[in-house]
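*Asks:* Build the 3D model from these lines:
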Amino acid sequence: MRGQPLVLQPSVNAVPDAADRVVAMIANGTASPSTHAAICEALLNAVVHGALGLSCEEGEERDPVRFFARIAAAEAAVGPERKVVVYAEPSHTEPGEFVVSIRDPGTGFDWRAALDRIEREDAANRTEPSLELSGRGVRIMLAGAKRVSWNAAGNEVMLVLRRPATTGRSSAAVPAMPQESRKRILVVDDDSAGRRVMRRLLGADFCVDVAEDGPSALRAFQKSPPDLALIDVQMPGMTGIELVANLRDRGALEGTSAILLTASGSDDDLRAAGIEAGAVDFLAKPIGSRELIARINRTLAQSKKVRRVERERNALKDSVASAAAIAQALMPPRETTFADATVSALVLPCAAIGGDLVDVHRISQHSWGAFLVDVAGHGLGAALIANAARAILRDHLSEATTALSDAASALNVRMSEDIWRTQQHAALAGVVVDERTRRLSVLNAGCPPVVVQLRNGTTRLIRSTAPPAGILGDAVYSAEFFQIDEVSAVVILSDGITEGFASSADSLGALRRLCGGRPSDWTLALSHDFVVSRIERLGVNRDDASMIQILMHGSSNRGLA
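*Replies:* Next up, the predicted model:
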């Protein structure tokens, strides 16, 4: 190889192979002027190689500082007259940069001539760069260095470089840049030159890892999913589209965006298949570095927004689920038994949480009540209003006063004061039983008619006598009274049931259809699961549905059970 220029083959191992050959040539005493140029080039390749993160295949990464030491040791063995001096130290003025100076005391190398040749090749649109070490080294040097300068003799070059984007072995001379702030990109390509080019293009801005095929990419995802994957479509074994679909099926694309690269970028069917597989973008090769980085940054920004929206949506889901669990915990049991009656209650919201609420509770030692509140609207806002209404009603149904009309008036006054802020009103229907006086009172304010079945076979419909609470601040609420012994059953329905099965004013018709068309079944115990299944048949567009069934003892002792 005496006097012959050193030639590189286009592969990821080109730089370390050339370094080994240069070391061997020097150690054997065969150095020549052209070899000295090759030494400078190999050093430049190694330095820029590390600075840009253009490392070799996994497991074969070289440490540029150790490489300098091996070169220096080999040259020292053949005498100082041929020694190439290398300096590498952190910049004293710019954090995150370091300066590399390489001086060859021999005949030197004409850097300007090499640069002129490269510019001519680029102007002629040559697709393949020179395979000579000088051409490839200068190209990588110019692409990776922030600044490049050399002396007139051509035997000393100084580069200002950023610290490495990816690290091999750490060293005191060239400390590694922290990686936390850089996005990680995985390049998947069976072509080693393509992987190396991507490292060169992206290494200054991102942490770049590589995989040579689908299986190795899957292992890389399993070990540490990247922020973005650049995947070549045409790969043997597992194509890029198949890899993306595999990652999608594994759930690996939830935090990673996949961009497909192909030379067949105009193939609409191929593009459609890639997008259907889960890719977010489809780029045609060759692609310029500025466009590539711009598309990557746009994709990462969009992914960040999508993930933020997803986090917010999940947080909202958690909040709704928590609110729904609390609302369910405040619900009365399906069945509550008192001395004279069994009360069954059901609420079936149209979503996770709704604006319907039922409450059954003992007011005092000698009285109990059951009421239904139907707030206009759905969701968390309506649920908050409904539970506030429950608290107000309970507060006013006390030992001192068990008048349901007084509690309804108090709720109306409060909601009327707040309606300009909340824009909410609430329909209300309820029953209060006084066990000492043996009286049962029924009130309806804006709900469908309350059905009261008397023991003599007569059915009474207690219609609304006042608007829902919150609409008119001076509305007057009144109740109708019955003796306990003359009542066999009472049913309160929300309009989500009456409108679903009949009309808002036809409670009896809705009850008959709810019970499967048998008119008298509602006066008997209704199965909870049966009623739920009937309501769910109304479909996804139904309203919140709620009901209270009160069966006085002597007619039936269990309802909605």
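*Asks:* C-alpha from now on. contacts and neighbour counts both.
*Replies:* Will do.
*Asks:* next helix or strand past the helix or strand hosting Met198?
*Replies:* Assigned by DSSP states H and E, Met198 belongs to helix 192-202. Once the chain leaves helix 192-202, the next helix or strand it forms, by DSSP H and E, is strand 207-211.
*Asks:* tell me which strands and helices that following strand is in contact with?
*Replies:* Applying 3 or more CA pairs under 8 Å, 6 or more residues apart in numbering; DSSP states H and E, one finds that strand 207-211 makes contact with strand 184-188, helix 192-202.
*Asks:* now do 6 Å
*Replies:* Judged by 3 or more CA pairs under 6 Å, 6 or more residues apart in numbering; DSSP states H and E, the packing partners of strand 207-211 are strand 184-188.
*Asks:* what's the spacing between Met416 and Ala382?
*Replies:* Quick fix: residue 416 is Ser, not Met. With the distance defined as CA to CA, to the nearest Å, Ser416 ends up 16 Å from Ala382.
*Asks:* can you check Glu312 too?
*Replies:* Going from Glu312 to Ala382 by CA to CA gives 21 Å.
*Asks:* Helix or strand with the lowest mean pLDDT in this structure?
*Replies:* For the chain, using mean pLDDT, DSSP states H and E, the weakest element among its helices and strands is helix 64-78, scoring a mean of 54.
*Asks:* And the helices in the stretch 101-250 of the chain, which stretches?
*Replies:* Counting by DSSP state H, counting those that start in this stretch, one finds helices in the stretch 101-250 of the chain at the ranges 111-123, 133-144, 192-202, 214-223, 240-249.
*Asks:* what's the average pLDDT for the last one?
*Replies:* Same thing as helix 240-249. Per-region confidence: helix 240-249 scores 93 on mean pLDDT.
*Asks:* now for it, which elements pack on it?
*Replies:* Applying 3+ CA pairs under 6 Å, 6+ apart, one finds that helix 240-249 makes contact with helix 268-277.
*Asks:* could you give the mean pLDDT of the helix it packs on?
*Replies:* Mean predicted lDDT for helix 268-277 stands at 85.
*Asks:* which helices and strands does that helix pack with?
*Replies:* Counting by 3+ CA pairs under 6 Å, 6+ apart, helix 268-277 packs on helix 240-249.
*Asks:* doesn't Ser441 fall inside a strand?
*Replies:* Yes: assigned with DSSP: H, G, I helix; E, B strand; the rest coil, Ser441 falls within a strand.
*Asks:* Tell me where the model's unsure across the stretch 301-450 of the chain.
*Replies:* For the stretch 301-450 of the chain, the stretches with pLDDT under 70 are 399-402.
*Asks:* Which residue ranges of it form helices?
*Replies:* In the stretch 301-450 of the chain, the segments counted as helices under DSSP H, counting those that start in this stretch are 379-396, 404-422.
*Asks:* can you tell which of the ones you listed is closest to Arg537?
*Replies:* Ranking the helices of the stretch 301-450 of the chain by their distance to Arg537 (criterion: CA to CA) puts helix 379-396 first, at 21.2 Å.
*Asks:* Could you list the residues in contact with the closest one?
*Replies:* Residues outside helix 379-396 that contact it (CA atoms under 6 Å, 6 or more residues apart in numbering): Ile353, Gly354, Gly355, Val375, Ala407.
*Asks:* Filter these down to just the ones in strands.
*Replies:* Judged by DSSP state E, strands contain the following of the contacts of helix 379-396: Val375.
*Asks:* Max pairwise distance over the contacts of helix 379-396: which two?
*Replies:* Largest pairwise distance in the contacts of helix 379-396, by CA to CA, is 25.2 Å, between Ile353 and Ala407.
*Asks:* who has more neighbours, these two?
*Replies:* The neighbour count for Ile353 versus Ala407, taken as other CA atoms under 10 Å, is higher for Ile353 (23 against 19).
*Asks:* Identify the residues contacting that one.
*Replies:* Residues in contact with Ile353 (CA under 6 Å, 6+ apart) are Ala324, Gly379.
*Asks:* For Ser289, give its distance to Arg295.
*Replies:* Using CA to CA, Ser289 is found at 10 Å from Arg295.
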